[in-house]
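Visitor: Need the 3D shape of this:
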Amino acid sequence: MKKILLLSLVTLNFGSIMAQSSTYWQQHVDYKMDVVMDVKNYQYKGTQELVYTNNSSDTLRKVYYHLFNNAFQPGSEMDARLHTIKDPDARMVNKVTVDGKDAKVSRIEGLKPNQIGFLKIANFKQDGLVAEAKTVGTILEVTLAKPILPNTKSTFTLNFDGQVPVQIRRSGRNNSEGVELSMTQWYPKLAEFDFEGWHADPYIAREFHGVWGSFDVNITIDKDYVLGGTGYLQNPNEIGHGYQEEGVVVNTPKKTKTLTWHFVAPMVHDFAWAADKNYMHDLVKGPNDVAIHFLYKNYPKTVENWKKLQPMMVKVMDYFNKNVGNYPYKQYSFIQGGDGGMEYAMCTLMLGNGTLEGIFGTATHELGHSWFQHVLASNESKHPWMDEGFTTYISDLAENEMSDKKVANPFAGNYKAYYSLVNSGKEQPQTTHGDRYDENRPYSISSYVKGSIFLSQLIYVIGEDKLQETVKRYFHDFKFKHPTPNDIKRSAERVSGANLDWYLVDWTETTNTIDYGIKAVTENGNQTTVSLERIGRMPMPIDLLVEYTDGTMESFYVPLRMMNYEKANPNPAVKRTVLNDWTWAHSNYDFTIAKAKGTIKKITIDPSGLMADVKQDNNVFKQ
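Guide: The predicted structure follows:
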C-alpha cells in the first residue's frame, strides 16, 4: 500500500474525532516495535517506543500496561477463575476422574516453565529518564519519572522478552488445528485512560479495551513462515508469500535465514498476527477496493471450504457497508488460528477445519466486530453487550440475507435463549463487568443474545426503518470514539424523536422483564371490551392484531406514555387504530372493539414476535 494512503486515512479519522464536540477528548498512542521471534523455543525479544499524547485535563503521574501473556501461568487470576467458576470454558480445562467422579482441571495449573506465557519488561524509560516499572500479574504499573501535563506528549521506551504459551485461550502456539503461532495480546499494551479514569483490568477471561493510535511494527522470523494480521505490509516485494505486487518475482537467497515483515497500521487500538509454515494465502478484492486476505492450512478439505468462503465474505462485507457504514480500512484478513473465533484490528483468527456453514458463520460474526469493536470500540470489558450483541444482530441479518431459505424473524433463536436465561434464575444485569458474571453461560446469553435483542426489539419499539437509520447514525456519529450505552440510546432518540431512557435503564441496568397478557375479552352489546394487564416490571408500547371470522384483520396500537412517541404502522395493508396511551403506574388497560365478540377469531399481542415477553401463553385469545 502507498504510504500517502495511510496518511490520508489517519487525517480523515482524526477529523471525525474532533468533529464530535469541543469537550470530547481521548488519548492517543503511537507504537514502534521491533520484534525477533525464535521459532524453536517460542520466545521473542522486542523493543518498544511509544509516544503517548495526554489529551485529558488530568496530570498523569502513573501509567499502566497490559501484560496479557502472564495470565497463562499457574496461580494467575485466570487460573484461579477456572478453579472457582461452575462452568469453565471447555477449551481451558482437562476432564479427569477423581475418586470415581468426573472433574475439570485447569490446563493452566499444569503448565511447565517452557509452556507458560510471559512478558518480562526491562529498561523502562520516560523521555530518556528511568521510571519505576512494577509487574503485578497481568498489569505493569509505571510510576513516571515526571508528570505528563494536559495536552502534552511523552515518549516511553522499554525492552520486552516474551514466551508464547501453549494454546489455551485466544493466543498461543500449536493450536488444535496445528497453527504454529497465534500472536494475539502478545506485546506490552498501554491501558486506556478516559473520562472514567484508568481501565487497567487484569486479564481474567473476557474482552478488551484499548487506546486509539498507530502501529509501526517490524517482525523478524524464519523465512519459511507466512504471516497475516493487522495493518498494511510495507515491503511486500521483499517478502513474497503472495503479498508481492502482480508480476514481481521474489527470489530470497538461500543463505537468508529470516525475513523482516514491516507492518503499519493507522488508527487502530490493537495489533495481532499469526504465522505458520503451511499457510495458503489468497487475496481477493472486496467492496471499495478493500484487499481481503485468506490465510489457511494447506489441507484438502480446508482448502476446498476456504476457497468457497471467499466470494461469500465479499458479499458479507458489502452487506455490512450498506447496513452499518463503510469499512474504513483498505485490508482485512481471515486467518486460521486461535481457539474459536476472535476479532482483532483488520483481521480475525478463527478455527478453519469445520464445515463450510460453520466457518461462514464464524467469519461473518468476526467480520461484524470490525464495525462494532474495531471502529466504534465501546468498552467491551464493561459493556460486552454493546459489541457482542450488536455484532450478533448484524451478522444474523447478513446470514439470513444470504440464505437460500430466508426466515421472517432471524432473531427467533435469540429470544428463546434469553427466555431460557430468565427462567434459569441466573440472569445478572448487563451492567455487570464481563469478568464478574457468576457463570459463563449467563455472561454469553446476556452479551451476545440480550445485547442483540436490544436492537431487534427496537424494531418493535420505534419501527424497522427507524432502527436501520439508528444503526447507521450511531456508526457515523461515534466511529473511533469509544461510545457508551447512552450513545446508542441517544442515536435512537435523535432518529425517532422518542424518549427511550426507560428502555435503556430497564433492559440493561436491571433484570426487569416484559410480561403483558390479555386478561379478559367480554361482550358489551355489539361491542367487545378487551382487558390487558402488565405483569412484568418493564413497560412497553403494545401492538395487537385482531383476526375476524370473516377473514379480515385489524390492528390496535397502545402507545407508552413515557415514550412520548407514536410508531408508524408496521403493516399499512392492515387498518390500524391508535388508542390512548398507557402509563406505567396503571397495570391494567381496557379498550373497545366496535364489533361483537362472536365475530372475533383471534387476538394477538405482538404478532411480530420482536417484543421479548417472557410468558407468552397469555398473549393470545382464541375462540
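
Visitor: Hmm, residue 288 is touching residue 320, no?
Guide: No: Residue 288 is beyond contact range of residue 320, at 11.6 Å (criterion: C-beta atoms under 8 Å). C-beta coordinates here come from the backbone N, C-alpha and C atoms, glycine included.

Visitor: Now the common contact residues for these two.
Guide: Counting by C-beta atoms under 8 Å, 6 or more residues apart in numbering, the contacts common to residue 288 and residue 320 are residue 327.

Visitor: Just want to know which of those two has more residues nearby.
Guide: When residue 288 and residue 320 are compared for neighbours, residue 320 comes out ahead with 25 against 13, by other C-beta atoms under 10 Å.

Visitor: can I assume that one sits in a strand?
Guide: No: going by DSSP: H, G, I helix; E, B strand; the rest coil, the assignment for residue 320 is helix, not a strand.

Visitor: With adjacent residues omitted, what lies nearest to it?
Guide: Excluding the flanking residues, the one nearest residue 320 by C-beta to C-beta, 6 or more residues apart in numbering is residue 371, at 5.9 Å.

Visitor: next one: residue 489
Guide: residue 504 (4.4 Å).

Visitor: does residue 557 sit in a helix, a strand or a coil?
Guide: Residue 557 is classified as strand under three-state DSSP.

Visitor: That one against residue 568, yeah?
Guide: No: assessed by C-beta under 8 Å, residue 557 is found out of contact with residue 568, at 9.7 Å.

Visitor: neighbour count winner among those two?
Guide: More crowded of residue 557 and residue 568, by other C-beta under 10 Å: residue 557, with 18 against 13.

Visitor: for the closest residue to that one other than its chain neighbours, what are its contacts?
Guide: Leaving aside its chain neighbours, residue 557 sits nearest to residue 578 (5.0 Å; criterion: C-beta to C-beta, 6+ apart). Counting by C-beta under 8 Å, 6+ apart, residue 578 makes contact with 556-557, 559, 566.

Visitor: Give me the phi and psi for residue 578.
Guide: Phi and psi for residue 578, reported as degrees, to the nearest 10, are phi -90, psi 120.

Visitor: all helices of the stretch 351-500 of the chain, in order?
Guide: For the stretch 351-500 of the chain, the helices defined by DSSP state H, counting those that start in this stretch cover 356-372, 384, 390-402, 412-424, 440-444, 451-462, 464-478, 485-496.

Visitor: Who are the packing partners of the longest one?
Guide: The reference is to helix 356-372. Secondary-structure packing of helix 356-372 (3 or more C-beta pairs under 8 Å, 6 or more residues apart in numbering; DSSP states H and E): helix 300-323, strand 331-336, strand 341-344, strand 347-350, helix 390-402.

Visitor: Count the neighbours of residue 298 for me.
Guide: Neighbours of residue 298 (other C-beta under 10 Å): 12.

Visitor: how close does residue 210 get to residue 271?
Guide: Per C-beta to C-beta, to the nearest Å, residue 210 is found 10 Å from residue 271.

Visitor: more crowded one of these two?
Guide: A count of neighbours by other C-beta under 10 Å puts residue 271 above the other of residue 210 and residue 271, at 27 against 22.

Visitor: I'd guessed the more buried one sits against residue 217; true?
Guide: Yes: when contacts are counted by C-beta under 8 Å, residue 271 is listed as touching residue 217 (6.1 Å).

Visitor: any residues in contact with both of those two?
Guide: 31, 231, 263, 265.
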